[in-house]
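Undergrad: Just need the structure, nothing else, for what follows:
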Amino acid sequence: MKGELIPHKMLSQDAYSQWLGIEILECEVGRCKVGMTIRKEMLNSMEKAHGGISYSLADTAFGFAANTHGRFAVSIETSINHIAALNKGDVIIAESVIEKVTNKLGFNIIEVKRGDELVALFKGVVYRTQKEWQEND
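TA: Residues are numbered from 1 along each chain as shown. Take a look at the predicted model:
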């Protein structure tokens, strides 16, 4: 299966990312950009987006980009730095770029932005399995 098609297949099977309203904006082998809008049900008690929302967007971009090389890749370590609070109606975009890929591991940096403003920085490591994506997976 062509690498840039894999994230679209993944999103079609990902109920959580669909619930979040995540859309794939750009995708190529080694890179994926996704976006979404913060909704009322995503806010915490301080009327700001729950930290898990930007984390989830970044994690989705991370997973999609990591799988574009054609092999099933699963996260083994992730972390995030929240830089700015998010509000209802904010449109946020996460772009994952593969920094390094070895036979077994992939290392990604994901920037989450609101317009040109960096609002979170996410780092992820994936384990690359031997299983390859197929059209009928």
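
Undergrad: Pull the contacting residues for Y127.
TA: Residues in contact with Y127 (C-beta atoms under 8 Å, 6 or more residues apart in numbering) are 73-76, 104-105. The way it works is simple: take the backbone N, C-alpha and C, and place the C-beta from them, glycine included.

Undergrad: no no, N108
TA: Counting by C-beta under 8 Å, 6+ apart, N108 touches 62, 65-66, 96-99, 123-126.

Undergrad: Strands - which of those residues land there?
TA: Members of the contacts of N108 lying in strands (criterion: DSSP state E): 96-99, 123-126.

Undergrad: So which of those sits lowest on pLDDT?
TA: Minimum pLDDT for the ones in strands among the contacts of N108 is recorded at E99 (76).

Undergrad: The chain: strands as residue ranges?
TA: 23-28, 31-37, 71-82, 91-101, 105-114, 117-132.

Undergrad: Report the residue spans of this structure with pLDDT below the cut-off.
TA: Residues of the chain meeting the criterion pLDDT under 70: 136-137.

Undergrad: Report the inter-axis angle for the lengthiest helix in it versus strand 23-28.
TA: For the chain, the helix with the greatest residue count under DSSP state H is helix 51-67. If you take axes from the mean of the first three to the mean of the last three C-alpha atoms, to 10 degrees, helix 51-67 sits at 30 degrees to strand 23-28.
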